[in-house]
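Need a 3D model of the sequence below.
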Amino acid sequence: MATTQKELATVEQAVKKLRSFTIQDLAGQTGLSTFDSKRGVETLMKKYSCRMLVTDRGELIYDFGGFVRRGSKTLRERVNEIAALLWKAFTYFFKVWIMVMLVGYFAVFVILLLVIAVATLFGGDRDREFNMNSGVFLIVIRVLSEFFFWRTITDDLTYKRDRHGYRYRQYKPVTSDLFKSKKRGKTKKFIISVFDYVFGPHRAEIHPLENQREVATYIRENKGLITMEEVRALAGWKGKQADEFFTEMISNFDGEIKVSDKGVIYGEFTDFLSGKHKEKSTDIVFYWDEFEPEYQLNGNSTERNLIITGMNLFVLVMSFGVLSDRLQIAGESAQSFQFFFGIIPFVYSSLFFLIPLVRSLINGMREKQHHLNNVRKRLMKEIYQDTSTKMSLVSMEQALNSSREITDKVDQKSIKQIMSDEIHDWKGELLVDDDAALVYDFTLLRESQADIKRLRGERQSSVTTGQTVFDTNPV
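You can find the predicted model right below:
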C-alpha cells in the first residue's frame, strides 16, 4: 500500500490517465519508486476492476479499462435486477391468490362437504362431542395441510440426471403424507404441483460466494498458489470476467501477482496459509461438474397436470358464465356477485393458463443456450485435463461422445462454435495440419500447467501457525 494518502491519490490520478501500463510506466508518470507504485496499484485493484496481461518478454501489464468500480453494475444489470424483484413479488402475490382461488373457490367447499359426510357417517350419537384428536378432525387437518402452507422446498439438495444424462442439483420437494403412489412412494404436495404448473419448479441456487469459497479452499490446499487457468476452471468465467475475478481474489485474500520465468501469471498467497484449521469451507467442484438442469415446464406427472388443468378450467368456465350473465342472481348484490365470482376468478384463471404458455416460449429460447453451456463444460474438461498439446477437431468430437453416462451427442459444428470463444481463454491456437484438418494447439496451456506444478513442488508451504511466543493469559 502507498505510504501516504497523498501518494495514493497521485497513483490513482496517474492510473486514470494511463489506464493500461507497466509498473515502470506508472513510476515514470508519478515519480514514486517502483515499490510504492506497485503497492498503490494493488490498493486500487481492491477498488476498481483490473485485468492482467503478459507480453512475450514477460512484462506484466495492468489494464484498468474503463476504470469501473468493483461491484458497480451496468444499466442492463440494474434493469435485470429490478425485473427480477418485480417478478418475485408477483410470484408471491399470485401464489397467495392461487391458494385463495383454486383452493378457496374450489377445493375447500369440496373438502367441507366431504367432512360433513364423514362426520354424518361416523358421528353416531348426535350428543357426542368431537375433539381435536378425533378421526374426523385429523382428516380435516391432514387435508388442509396439503393445501394451506407456504414452504414449497426443503434446504436439502439432491442430484439427478436429465434425459441426456447430465447430472444436476435440485431441491428435495416437500412430500405429501396424504397422497402416495405405490410405484413412486411419497410425492410432492399437491399445492407445490400447482405452483410449479404456473411458475415452473425451483432451480437449485448456488451460494453467492460459492466461487470465492472454492478458490479460497483451492489456494489453501495447493500451497498458496493458483493460476488464471485454474480460476477459470473453478468458476467458469470467460475472457475479461476471468481476469477481473482473478484480480479480485488477489485483493480479497491478500495475494500477490507474480509471473514465472515462462510467462505464467499466478497468484501467491503466503499469508493466506496462516491458520490452525485445515477443514474445507466447501468442496472443490470444477465448473464442468456443475451441469445446468433443463428448463422444465412444471415437472409434474401427466395425471396431476390433468387434475390441475381441470380444476382451473372449471373456475374459468364458471367465471365466464357469471360474466356472460348465464349465471346470475337477482337483487342489489348482483353487481358484487359478478365482481367477486366473475371478474376476479376470470382474470386469475386466465393468468393461470397464460403464464405457463409464456414460460414455454421463453424456455424454448433458453434451452438452446442451456445446451451450449453444458457442451461448453464438457469441452472445457477435455481441454483442461487432456495432456496432449495438440487436439484435432475429430479427436475432440470422439472424446466428447465417448461418455457412457451422457448420451447427448456433439457434432463438429457445435465444437467449432464454442471453440471460437474458448481458444483464446485457454491459450490455444487454431492450426490446419497437412491433411487440411483443424487442430487446436494448447502448448502454452500445458506449459502453464507444468510450470505451476513445478513451483508447487519447490514450495514448502502449508496451512499452519508458528510457535506461540506470547500469551495474553498465561497459565
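
contacts, neighbours, all on C-alpha from now
Fine.

what's stretch 263-272 in contact with?
Around stretch 263-272, the neighbours that count as contacts under Cα atoms under 8 Å, 6 or more residues apart in numbering are 54-58, 219-220, 224-228, 250, 253-260, 448, 451, 461.

rerun at 6 Å
58, 224-227, 255-259, 448 (Cα atoms under 6 Å, 6 or more residues apart in numbering).

Please pick the buried ones from these.
224-227, 255-257, 448 (16 or more other Cα atoms under 10 Å).

Can you name the two of the contacts of stretch 263-272 that sit furthest apart?
Of all pairs drawn from the contacts of stretch 263-272, the one with the longest distance (Cα to Cα) is G58 and G224, at 21.9 Å.

Pull the distance from stretch 343-362 to the chain's centre.
Between the mean C-alpha location of stretch 343-362 and the chain-wide mean there is a distance of 27 Å, by Cα atoms, centre = their mean, to the nearest Å.

how about it: buried residues?
The neighbour-count check on stretch 343-362 (16+ other Cα under 10 Å) flags 343, 345-346, 348-349, 352-353, 356, 359-360 as buried.

what are the ranges of the helices in the stretch 51-200 of the chain?
All helices of the stretch 51-200 of the chain, identified by DSSP state H, counting those that start in this stretch, fall at 75-98, 108-122, 135-147, 190-199.

and the angle from the first one to helix 190-199?
Here the directions of helix 75-98 and helix 190-199 differ by 140 degrees (axes from the mean of the first three to the mean of the last three Cα atoms, to 10 degrees).

As a markdown table, the buried residues of stretch 343-362 with secondary structure would be great.
As requested, those are arranged in a markdown table below (DSSP: H, G, I helix; E, B strand; the rest coil):
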| residue | secondary structure |
| --- | --- |
| I343 | helix |
| P345 | helix |
| F346 | helix |
| Y348 | helix |
| S349 | helix |
| F352 | helix |
| F353 | helix |
| P356 | helix |
| R359 | helix |
| S360 | helix |
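
So among those residues, where is pLDDT lowest?
Ranked by pLDDT, these bottom out at P345 (82).

For it, give me its contacts.
With Cα under 6 Å, 6+ apart as the criterion, the residues that contact P345 are S319.

residue boundaries of the strands in the stretch 101-250 of the chain?
According to DSSP state E, counting those that start in this stretch, the stretch 101-250 of the chain carries its strands in the segments 153-161, 167-173, 175-181, 185-188, 225-227.

and these, which one is worst for confidence?
Mean pLDDT values for the strands of the stretch 101-250 of the chain show the minimum at strand 175-181, a mean of 58.

For T407, give me its contacts.
H164.

show me what contacts the nearest residue to S392 once chain neighbours are set aside?
Counting by Cα to Cα, 6 or more residues apart in numbering, V439 is the residue found nearest to S392 once chain neighbours are left out, at 4.1 Å. With contact set as Cα under 6 Å, 6+ apart, V439 has these partners: 391-393, 430-432.

Return the distance of V439 relative to R376.
Taken as Cα to Cα, to the nearest Å, the spacing of V439 relative to R376 amounts to 18 Å.

Could you check how far the helix or strand containing D421 is from the centre of its chain?
Element membership for D421 (DSSP states H and E) is helix 412-425. Per Cα atoms, centre = their mean, the displacement of helix 412-425 from the mean C-alpha position of its chain is 23 Å.

got it, and stretch 418-427?
How far stretch 418-427 lies from its chain's middle: 23 Å, per Cα atoms, centre = their mean.

For the stretch 251-400 of the chain, just list every one of the strands.
For the stretch 251-400 of the chain, applying DSSP E, counting those that start in this stretch gives strands covering 256-259, 265-268, 390-392.

got a list of what the residue nearest to S33 when sequence neighbours are not counted touches?
Nearest non-adjacent residue to S33, counting by Cα to Cα, 6+ apart: A27, 5.9 Å away. When contacts are counted by Cα under 6 Å, 6+ apart, A27 is found next to 33-34, 37.
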